[in-house]
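S.K.: any chance you can model this:
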Amino acid sequence: VLYDSFPAPRASGALQTGWGYAALVERGGQRILFDTGGDGAVLARNAQTLGIKLGGLDAVVLSHRHPDHIGGLAAVVRVNPGVKIYIPREAYGAFGVSPWNDLVMALSGVPRLRLEKVPELPVADYVHVENGTGIAAGVRVIATNSTYEHLELRELSLAVAIPGGQAVVVGCAHTGIGAVLNAAGGNVRWVAGGLHLMDATPAEVADTVEVLRTKFRVERVAPGHCTGLRATTALQRSFRERSTPAGVGGVIVIGN
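M.R.: Next up, the predicted model:
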């Protein structure tokens, strides 16, 4: 994990935290950067501290349009000028910024119906993903749609083949972790990343934990970013030693 708002246990004190998420996913010699955090300088500094080269990536995946997930992209493109960058295909512009959202927000009076300003994207080789696609051996991008909190938002997640099933890496799971796991197609053993439960009620947190454990029979979790303290604690109580907080500097070995 190269970018998160809290440090992993026993992580170097030289690592800088920040609101956002970025993780380097390595499988079979392939190096895939999932999200880029909110600040390219912080991302680059953390990578250097961890002894990780940001150059030489095989692919970059941006989960969704929010600045805390794409803010470091320019720094990544500078050292990976030809890399393919997978982004959601939406109805308006590169990330689906619709002028109708401002009108919906004004008429509804619901402050959570909002769109953050999307940073200007650097010139690069973008691949727009609508329904999902394979990007490397054993690695797929899956797409889900949000219908309430962030209208017209499509979010990408990673489904990675591991022994006996899949691991799913999520940026925020704005579309709901249940929708993401349904799109993954079953047999998900691991879930890592942000679960967007920081403002959830205790009942909503309990429902999510139950969905992960009972409906999808997830074996291990590595919550980070926007999961929130209440949900992270609930996951720790439920999954016990099979829950690993995924703060910046954390190394998660998936597949055993």
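S.K.: neighbours around A137, how many?
M.R.: Residues near A137, counting by other Cβ atoms under 10 Å, number 10. C-beta here means a position set from N, CA and C on the backbone, and glycine is covered the same way.
S.K.: go on, A23?
M.R.: Neighbours of A23 (other Cβ under 10 Å): 26.
S.K.: and for the one 10 residues further on?
M.R.: When neighbours are defined as other Cβ under 10 Å, L33 has 27 of them.
S.K.: nearest spatial neighbour of it, skipping sequence neighbours?
M.R.: V60 (4.8 Å; Cβ to Cβ, 6 or more residues apart in numbering).
S.K.: ok, the host helix or strand of the one you found: who's next to it in the sheet?
M.R.: Per DSSP states H and E: V60 is located in strand 59-61. Sheet pairing of strand 59-61 (DSSP bridges) gives strand 30-34 (parallel), strand 84-88 (parallel).
S.K.: my guess is E204 meets L197, correct?
M.R.: Yes - at 7.0 Å, E204 and L197 qualify as touching, with contact defined as Cβ atoms under 8 Å.
S.K.: so where is the stretch 101-250 of the chain shaky, pLDDT-wise?
M.R.: 101-119, 147-152 (pLDDT under 70).
S.K.: recalculate using a threshold of 90.
M.R.: Applying pLDDT under 90 to the stretch 101-250 of the chain flags the ranges 101-123, 128, 130-132, 145-154, 174-175, 186, 245-246.
S.K.: so E204 and L197 - more neighbours on which side?
M.R.: Between E204 and L197, L197 has the larger neighbour count (other Cβ under 10 Å), namely 23 against 13.
S.K.: is that one located within a strand, as I assumed?
M.R.: No - assessed with DSSP: H, G, I helix; E, B strand; the rest coil, L197 is coil; it does not lie in a strand.
S.K.: name the nearest residue to it, ignoring sequence neighbours.
M.R.: For L197, the spatially nearest residue (Cβ to Cβ, 6+ apart) is A231, at 3.7 Å.
S.K.: from memory the one you found sits against D199, does it?
M.R.: No - using Cβ under 8 Å, A231 is not in contact with D199, being 10.1 Å away.
S.K.: for the nearest residue to G40 once chain neighbours are set aside, helix, strand, or coil?
M.R.: Leaving aside its sequence neighbours, G40 sits nearest to A75 (Cβ to Cβ, 6+ apart; 2.8 Å). Under three-state DSSP, A75 falls in the helix class.
S.K.: ranges for the helices of the stretch 101-250 of the chain?
M.R.: With DSSP state H, counting those that start in this stretch as the criterion, the stretch 101-250 of the chain has helices at 177-184, 202-210, 229-239.
S.K.: what's the local residue count around G228?
M.R.: Counted by other Cβ under 10 Å, the residues lying close to G228 total 18.
S.K.: over to the one 5 residues further on?
M.R.: Other residues near T233 come to 14 when the count uses other Cβ under 10 Å.
S.K.: residue numbering should commence at 123 henceforth.
M.R.: Sure, I'll start counting at 123 from here, so that last one is T355.
S.K.: separation between it and N202?
M.R.: Distance from T355 to N202, counting by Cβ to Cβ, to the nearest Å: 37 Å.
S.K.: could you pull out the buried residues of the strand ranked longest in the chain?
M.R.: Secondary structure of the chain read by DSSP state E shows that its longest strand is strand 276-284. Burial within strand 276-284, assessed by neighbour count using 16 or more other Cβ atoms under 10 Å, is assigned to 276-284.
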